[in-house]
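[1] this is a predicted model, with the sequence first.
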Amino acid sequence: MSTSAELKKSDNLFIHPWDDIVKIGGHERTLLDRGEGVYVYDSEGNRLLDAPAGMWCVNIGHGREEMAQAVYDQIMALTYVSPWSMTTGPAAEFAAQIAEQSPGDLNHVFFTTGGSTAVDSALRFVQFYNNIRGLPNKKHIIAQKKGYHGSTYLCGSVSGKARDKSHLDFETRWVHHIESPHPLHRPAGQSDAEFLDACVANLENMIDQVGPENCAVFVAEPIQASGGVIVPPDGYHKRCLEVCRRHDMLYLSDEVVTAFGRLGHCFASQDVFGITPDIITTAKGLTSGYIPMGAFLVSDRLIQEVKERGGDSAVFSNGFTYSGHPVAAAAGIKNLEIIQREKLFEQARETGPYLQQQMQSLRDISIVSDVRGMGLMACVECELEQGSDDLEMDLEIGKRIDRHCQAMGLIVRPIINMCVMSPPLTITRSQIDEMVAILRKGIIAAMQEVSDQRAGNESLAQRHSSPAA
């Protein structure tokens, strides 16, 4: 059996997501061995509180034996069938369960392999829908800056994180981005109502610029997750949905992160933000990360319109070898069963406000420029120099905080200079206290380290500039 050192060396043959190719061969990542509840353990035996829940996804926590049993039972019963011509009990049952939980008339489910393929497939359905309607020019997609929607060519183009756009190619002819509805960027002196009006006007203006006859869909996360847990102003999604309705545009709510409990409900679009979109995408919490799976939900209204306009046949030529995979579906069924039996949606609604309250206590640290979030999603943004947009400096402070926190038993998942928290729904108040206490120590230690380093550099510079005795 390979040693920890051997595995870390072999890991350099694994090209990770967002890997710095120039540095391949020199990586030495933390090697995780096992997980239990809200904690994971590395190859050296250190216990780490998994504050990101993997990557927004391990909602029921690690190490669930009944989940392992459900997956085992399905593998032994039936491993796989082609979704092109046949179906399985788990796929059919899980689709029905999702439809029962979904808002409004979003009762049809298209299974995919993850979040990227869910969003990609949903956008292809929008194109398909307008082609069937005889509107082939109605293809333009409007999304938000700072949004993240996946890593396929189409999803990568629709994503709006500027710092992710280097060295790759993207579709720019019919993908357009408007400003993020980020309250932190509200101009001084502007009221909440005026800021909301301005955010909605950004969508209206883009539609006017592109032409309503060309605009197909608006894509928005209920909360911009990877952009830094950006919570829009109250009423933003409702107002944007109204704009879409006026211009015969579809509204796609990307709930890859927010669905299945992150905000205390199975889906956040209606229960938290008061809208029933035309399409919802989901993944991550769909199976709590135990088996890869994604899906998009589509309105009965759209399905019926395709049926009425499609003539003798309207084939949606999109799908994956593993669409509706029976093992993934079995995991999804068990995941939802655990969530409902243990009342984890209710628990998240109770612990979410406590998490937000405790995170706000970090505002007294001088380099903390903002603390924001909702439910079991939170972000602490740190700046060594307030108002600076120095990427190298932002990356430096994020890495330092990450290193100090991990040494004390906490995984924070830095996104540049932002520490993002999205713990399992099972987290307790005492574990939240533990998480916030370590994060405080980590931020202060990183701040002091930078201060000491700068003082040392200044002292060295002064000695070099002094005339010889």
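    Sure thing, it's come through. Numbers count the residues shown, from 1 in each chain.

[2] where does the chain have low pLDDT?
    The model of the chain has pLDDT under 70 over residues 387-390, 455-469.

[3] elements contacting the longest helix along the chain?
    As assigned by DSSP state H, the longest helix anywhere in the chain is helix 429-465. Applying 3 or more CB pairs under 8 Å, 6 or more residues apart in numbering; DSSP states H and E, one finds that helix 429-465 contacts strand 47-50, helix 344-360, strand 377-382, helix 391-407, strand 410-411, strand 418-421. Yep, even glycine has a C-beta here, placed from its N, CA and C like the rest.

[4] export these to CSV and tack on mean neighbour count and distance to residue 37?
    Formatted as CSV, the helices and strands packed on helix 429-465 follow (neighbours: other CB atoms under 10 Å; distance: least, CB to CB, whole Å):
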stretch, mean neighbour count, distance to residue 37
strand 47-50, 20, 9
helix 344-360, 18, 13
strand 377-382, 25, 19
helix 391-407, 18, 18
strand 410-411, 24, 14
strand 418-421, 25, 16
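
[5] okay if I get these as CSV plus distance to residue 266?
    Output for the helices and strands packed on helix 429-465, formatted as CSV (distance: least, CB to CB, whole Å):
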stretch, distance to residue 266
strand 47-50, 22
helix 344-360, 7
strand 377-382, 16
helix 391-407, 31
strand 410-411, 26
strand 418-421, 21
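
[6] of those, which is nearest residue 77?
    helix 344-360 (26.9 Å; CB to CB).

[7] that's a helix at residue 196, yeah?
    Yes - counting by DSSP: H, G, I helix; E, B strand; the rest coil, residue 196 falls inside a helix.

[8] make sure it is actually in contact with residue 238.
    No - applying CB atoms under 8 Å as the test, residue 196 and residue 238 come out as separate, 10.1 Å apart.

[9] more neighbours: those two, which one.
    Using other CB atoms under 10 Å, the more surrounded residue of residue 196 and residue 238 is residue 196, with 20 against 12.

[10] quick one: contacts for the closest residue to the more buried one other than its chain neighbours?
    Leaving aside its sequence neighbours, residue 196 sits nearest to residue 233 (CB to CB, 6 or more residues apart in numbering; 4.5 Å). Contact analysis of residue 233 by CB atoms under 8 Å, 6 or more residues apart in numbering lists 181, 183, 192, 195, 196, 199.

[11] how about the fourth one, what does it touch?
    In other words, residue 195. 183, 186, 187, 233.

[12] top of these by neighbour count?
    residue 233 (19 neighbours).

[13] distance check, that one against residue 241.
    Separation of residue 233 from residue 241 (CB to CB, to the nearest Å) stands at 15 Å.

[14] which of the contacts of residue 233 lies closest to residue 123?
    The closest of the contacts of residue 233, once distances to residue 123 are taken by CB to CB, is residue 181, at 21.1 Å.

[15] helix, strand or coil for that closest one?
    coil.

[16] same deal with residue 34?
    Once three-state DSSP is applied, residue 34 turns out strand.

[17] ok, the closest residue to it other than its chain neighbours - contacts?
    Distance criterion CB to CB, 6+ apart; nearest residue to residue 34, sequence neighbours excluded, is residue 41 at 5.2 Å. Going by CB under 8 Å, 6+ apart, residue 41 touches 32, 33, 34, 35, 47, 48.

[18] count of residues packed around the fourth one?
    In this case it means residue 35. 18.

[19] also the first one?
    Around residue 32 there are 16 other residues, counting by other CB under 10 Å.

[20] that one: what's it in contact with?
    Neighbour list for residue 32: 40, 41, 42, 43, 48 [criterion: CB under 8 Å, 6+ apart].

[21] also the second one?
    Residue 33 makes contacts with 41, 42, 43, as judged by CB under 8 Å, 6+ apart.

[22] now, among those, which is nearest to residue 425?
    Nearest to residue 425 among the contacts of residue 33 is residue 41, at 20.6 Å by CB to CB.

[23] in three-state terms, label the closest one for me.
    strand.

[24] if I look at it, how far off is residue 6?
    Per CB to CB, residue 41 is found 19 Å from residue 6.

[25] then residue 66?
    With CB to CB as the criterion, residue 66 and residue 6 are 34 Å apart.

[26] same check on residue 156?
    Taken as CB to CB, the span from residue 156 to residue 6 is 34 Å.

[27] adding distance to residue 90, write the contacts of residue 33 out as CSV.
    Shown next, in CSV, are the contacts of residue 33 (distance: CB to CB, whole Å):
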residue, distance to residue 90
41, 31
42, 34
43, 34
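
[28] so which of the residues you listed comes closest to residue 58?
    residue 41 (14.2 Å).

[29] can you pull up the bridge partners for that closest one?
    Beta-bridge partners recorded for residue 41 (DSSP bridges): residue 34, residue 47.

[30] could you do residue 421 as well?
    residue 378.

[31] surely it is in contact with residue 379?
    Yes - the pair residue 421 and residue 379 qualifies as a contact (CB under 8 Å) at a distance of 7.3 Å.

[32] find the residues that touch each one of the two.
    With CB under 8 Å, 6+ apart as the test, residue 421 and residue 379 both reach residue 373.

[33] from residue 60, how far off is residue 427?
    11 Å.

[34] please apply the same query to residue 98.
    16 Å.
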